[in-house]
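Engineer: Generate coordinates for the sequence data below:
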Amino acid sequence: MDKKTFKLFTLLGLSVILGLHFFEISTNESQSFSIAYFMFEWLPLYLAWGVLFTIGYRQWQRNPPRKNNKSRPSITH
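Structural biologist: Presented below is the predicted three-dimensional model:
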């Protein structure tokens, strides 16, 4: 998987998790505000997607995308 796809995938995953979390808070208010519930249900998901995003971002910083500078072969007769 290339770096752009990896970053897009992780951003999409983080946004989906965040959307699901807000949806659950709006539908199940009594249990969703519990700290223990958050730690065991949502925190591992946020950590996993956050670590994936951090890995992708740091790799991109270390090795920025290169432009395709292939020189054209010279034609000699």
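
Engineer: Starting from the helix or strand of the chain with the lowest mean pLDDT, tell me the next helix or strand along the chain.
Structural biologist: One helix or strand of the chain scores below all others by mean pLDDT, DSSP states H and E: helix 29-32, with a mean of 65. Downstream of helix 29-32, the next assigned helix or strand under DSSP states H and E is helix 35-37.

Engineer: Touching the next helix-or-strand element following that following helix from outside, list them.
Structural biologist: Going down the chain from helix 35-37, the next helix or strand is helix 43-62, by DSSP H and E. Under the criterion CB atoms under 8 Å, 6 or more residues apart in numbering, residues 3, 6, 7, 9, 10, 11, 13, 14, 17 lie in contact with helix 43-62. (Glycine included, C-beta is placed from N, CA and C.)

Engineer: Just the residues you listed: which are in helices?
Structural biologist: Using DSSP state H, 3, 6, 7, 9, 10, 11, 13, 14, 17 are the members of these that sit in helices.

Engineer: Report how many residues lie close to the fourth one.
Structural biologist: Spelled out, it's residue 9. Look at residue 9: counted by other CB atoms under 10 Å, it has 15 neighbours.

Engineer: Ok, the first one next?
Structural biologist: The number of residues packed near residue 3 is 14, by other CB under 10 Å.

Engineer: How much space separates it from residue 20?
Structural biologist: Shown here: residue 3 relative to residue 20, a distance of 26 Å by CB to CB, to the nearest Å.

Engineer: Mind listing what's buried along stretch 55-62?
Structural biologist: residue 56 (16 or more other CB atoms under 10 Å).

Engineer: Many thanks, we can stop here.
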